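*Asks:* Sequence first, then the predicted structure, then my questions.
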Amino acid sequence: MPTARNASTADNATTPEPTPPQTPNPSSDSGCSSNSNLNPDSDRSSNPTPDSDRSSNPRRYPERSSNPRPDRPASPFAGRRIRAALIGTGAIARGSHLPALARLAEEGETEIVAAVDIDADSVKRLCAEGGIPHPYTDLRRMLDEQRPDLVSICTPPTLHREQTVAALRAGAWVWCEKPPVPTLADFDAVEAEEGTDGGPYAAIVFQHRFGSGARHVGRLLAERALGRPLVAHCQTTWYRDAAYYAVPWRGRWQTEGGGPAMGHGIHQMDLLLDLLGPWSEVRAMAGRLVHDLETEDVSTALVRFENGALATIVNSVLSPDEVSRIRIDCERATVELTHLYGHSNDNWRITAAPDVPEEEAARWRDFGADVPSSHLEQLRELVASMRAGERPRSSGADGRTSLELITALYKSAFTDTTVLAGDIGPGDPYYTALHGGAPGWAPRVTEASAAARGEEVSA
């Protein structure tokens, strides 16, 4: 059973939506909310082999159709609201998930039927404030009694696998905060529980993909309007001080899942992959330059994409001038996104090459109506996918891609080797732990901790 955590010490890397914050908010980024009781049916030791070569899977799914396939039975959600439940009642649930679900409830799409948290007072307060009828302290009981169609998981990463599997087995679709799960083995175990055709599916919260800016630039790149992508840069350089890491579960592999590459930079890396498509190889370095952590506090990587583009990636919590940035230099234009925790149309800039006609460049710069990136925008698309009975974006192979890149980044950094896409699978130590057991990076085994697990410690 997962270990309980105090709701007051939990938060997440994503700030409340839909308005992107204009100033840093260090307390809102690494972790989620408090956990909930769960007696999972899943076997943590099982690591299923993927059904196919994941490196050959497309990173982007086709445009979502407005209607289900004609050969598919009518949607079970037709003509009614989608019943939703929240797991975890911390900052990310209160600031992002609950407002998004409430907005769609106002529009007749959803109905929030329950919330779950091990902290009885916290879940009761959330339910009272949000008009949610059923507070629970036990996840299994909530799933059995309420039978939700959609579950939003807002708990720390170490709980995501058990809670997602439990929800899928209960027939609920899942919308889970990032990082999705601590390892590729966990992700594949979750994917094995998904429905085979029509759901339920488990999607990851990657809200930076959604909104008018990302949609417009993604279309320009997909259509090759800007020419071939050649050079890219992905930057998440933030600042976190010693007080931030004084929270016991931060900076530890088991409880946070990884350092800034996993907990902070995952959003920008996911967006870069969504825009550029599959990567083919990575060469990386990582270090602990300031903080006394198990994980890194800075990493850099060189990445080659299947389309030939070369990219640099920097993830840091040592940078007083905080910024999140993506830059893609194509044959005919440079596209740049500069923001912090969320973006709107104004955060994007397109600089045309000198020989591009001004009329064409002007069309590129016309982003249309401004729809900022947000949990709400991703949830809208997720609900539409549920009604259509289609796999949503940021689930399955599409949701796995950023976790695979991060895993490869760590393996490259800790082994001083180049890692190819698709290299890490069952039998590889990095498949089941992002530190891979590497000397100097794996958690130290003390006599007390080993004794608690019944292990021997060499003299």
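*Replies:* Sure thing, it's come through.
*Asks:* And stretch 244-262, what's buried?
*Replies:* Residues of stretch 244-262 classed as buried: 244-245, 247, 249-253, 255-262 (neighbour count, 16 or more other CB atoms under 10 Å). The C-beta positions use only the backbone N, C-alpha and C, and glycine is treated the same way.
*Asks:* ok, now stretch 376-393?
*Replies:* Quick answer for stretch 376-393 (16+ other CB under 10 Å): 376-383, 385-393.
*Asks:* Kindly report the same for stretch 180-193.
*Replies:* Applying 16+ other CB under 10 Å to stretch 180-193 flags 180-193 as buried.
*Asks:* same thing with stretch 128-135?
*Replies:* Gly130, Ile132, Pro135.
*Asks:* And for stretch 231-247?
*Replies:* Ala232, His233, Cys234, Gln235, Thr236, Thr237, Trp238, Arg240, Tyr244, Tyr245, Val247.
*Asks:* Next, find the distance separating the last one from Thr312.
*Replies:* What that stands for is Val247. Remark: distance between Val247 and Thr312 (CB to CB, to the nearest Å) = 30 Å.
*Asks:* How about Pro180: what's its closest non-neighbour residue?
*Replies:* Ile204 (4.5 Å; CB to CB, 6 or more residues apart in numbering).
*Asks:* Need the phi and psi values for Thr351.
*Replies:* For Thr351, the backbone dihedrals (degrees, to the nearest 10) come out as phi -110, psi 110.
*Asks:* Now for it, how many residues are close by?
*Replies:* 13 (other CB atoms under 10 Å).
*Asks:* Grab the nearest non-local neighbour of it.
*Replies:* Excluding its sequence neighbours, the residue lying closest to Thr351 (CB to CB, 6+ apart) is Thr334, at 4.5 Å.
*Asks:* thought Leu150 was touching Cys176?
*Replies:* No - counting by CB atoms under 8 Å, Leu150 stays clear of Cys176, with 11.2 Å between them.
*Asks:* Which one of the two is surrounded by more residues?
*Replies:* Shown here are Leu150 and Cys176; by other CB under 10 Å, Cys176 has more neighbours (29 against 26).
*Asks:* so what's that one bridging to?
*Replies:* Using DSSP bridges, the bridge partners assigned to Cys176 are Ile153, Ile204.
*Asks:* Please list all residues in contact with it.
*Replies:* Contacts here follow CB atoms under 8 Å, 6 or more residues apart in numbering; on that basis Cys176 touches Ser152, Ile153, His160, Gln163, Thr164, Ala202, Ala203, Ile204, Val205.
*Asks:* can you rerun that using 7 Å?
*Replies:* Cys176 sits next to Ile153, His160, Thr164, Ala202, Ile204, Val205 when contact means CB atoms under 7 Å, 6 or more residues apart in numbering.
*Asks:* name the element Asp121 belongs to?
*Replies:* helix 120-130 (DSSP states H and E).
*Asks:* which residues are contacting that helix?
*Replies:* Contacts of helix 120-130 (CB under 7 Å, 6+ apart): 7, 34, 89, 94, 98, 102, 112, 115-117, 132, 135-137.
*Asks:* In it, which residues are buried?
*Replies:* Across helix 120-130, burial judged by 16+ other CB under 10 Å covers Ser122, Val123, Lys124, Arg125, Leu126, Cys127, Gly130.
*Asks:* of all the residues you listed, which comes closest to Gly287?
*Replies:* Of all these, Ser122 has the smallest distance to Gly287: 37.3 Å, by CB to CB.
*Asks:* Which strands or helices does the longest strand seen in the chain pack on?
*Replies:* Secondary structure of the chain read by DSSP state E shows that its longest strand is strand 318-330. The contact analysis (3 or more CB pairs under 7 Å, 6 or more residues apart in numbering; DSSP states H and E) places strand 318-330 against strand 229-239, helix 266-276, strand 333-339.
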